[in-house]
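Engineer: coords below, sequence missing:
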C-alpha cells in the first residue's frame with residue numbers, strides 16, 4: 001500500500017451549504033482514520049488549504065475516496081502526490097523518561 005498526500009484548495013468564503021456539511025465531513029474523515037485510510041488531516045490557519053495523508057493502492061484509488069468527502073464539491077482544486085518518504089514523531093517510539 002502506497003502513501004499519498006492530498007492537497008485541497010478550499011473556497012474563499014464558507015456559505016451555509018458548506019457549513020452544514022462540516023459535521024458529516026468530519027464524521028467521514030474520522031471513519032477513514034479509524035479504517036487506516038487517512039493518517040493525517042490538517043487545515044491551514046487561514047482555512048484556504050488542507051492536507052490529507054492517505055494510504056491507498058494507487059492515486060486513482062485515493063482520488064475515488066477523496067471524491068466521496070462530503071465537502072468535495074466545494075474544493076477548488078485537488079492535488080494527489082505519492083510520497084517516497086513519510087516520517088513523523090508520531091510514528092516513533094515514545095521518549096523514555098527516567099523519573
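Structural biologist: The structure has been received and is ready for your questions. Computed from a predicted structure; not experimentally measured.

Engineer: wait, is residue 12 part of a strand?
Structural biologist: No - counting by DSSP: H, G, I helix; E, B strand; the rest coil, residue 12 falls outside a strand, being coil.

Engineer: now do it against residue 98, distance only.
Structural biologist: Plainly put, residue 12 is 51 Å away from residue 98 if you go by Cβ to Cβ, to the nearest Å. No exception for glycine: its C-beta is placed from N, CA and C like everyone else's.

Engineer: between these two, who's got more neighbours?
Structural biologist: residue 12 (8 against 3; other Cβ atoms under 10 Å).

Engineer: over to that one: give its phi and psi.
Structural biologist: Main-chain torsions, residue 12, degrees, to the nearest 10: phi -70, psi -40.

Engineer: which residues sit against stretch 6-23?
Structural biologist: The contact list for stretch 6-23 (Cβ atoms under 8 Å, 6 or more residues apart in numbering) reads 43, 47-54, 62, 66, 70-71, 74-81.

Engineer: I'd like to know which of those residues are buried.
Structural biologist: The neighbour count (16 or more other Cβ atoms under 10 Å) marks 50, 52, 53, 54, 62, 66, 70, 71, 74, 75, 78, 80 as buried among the contacts of stretch 6-23.

Engineer: and for the second one, nearest residue in space, chain neighbours not counted?
Structural biologist: Taking Cβ to Cβ, 6 or more residues apart in numbering, and ignoring the residues beside it in sequence, residue 52 has residue 6 as its nearest neighbour in space, at 4.3 Å.

Engineer: and the one you found, how far is that from residue 18?
Structural biologist: Using Cβ to Cβ, residue 6 is found at 18 Å from residue 18.

Engineer: who's more crowded, the two?
Structural biologist: Set residue 6 next to residue 18 and count neighbours by other Cβ under 10 Å: residue 6 wins out with 23 against 16.
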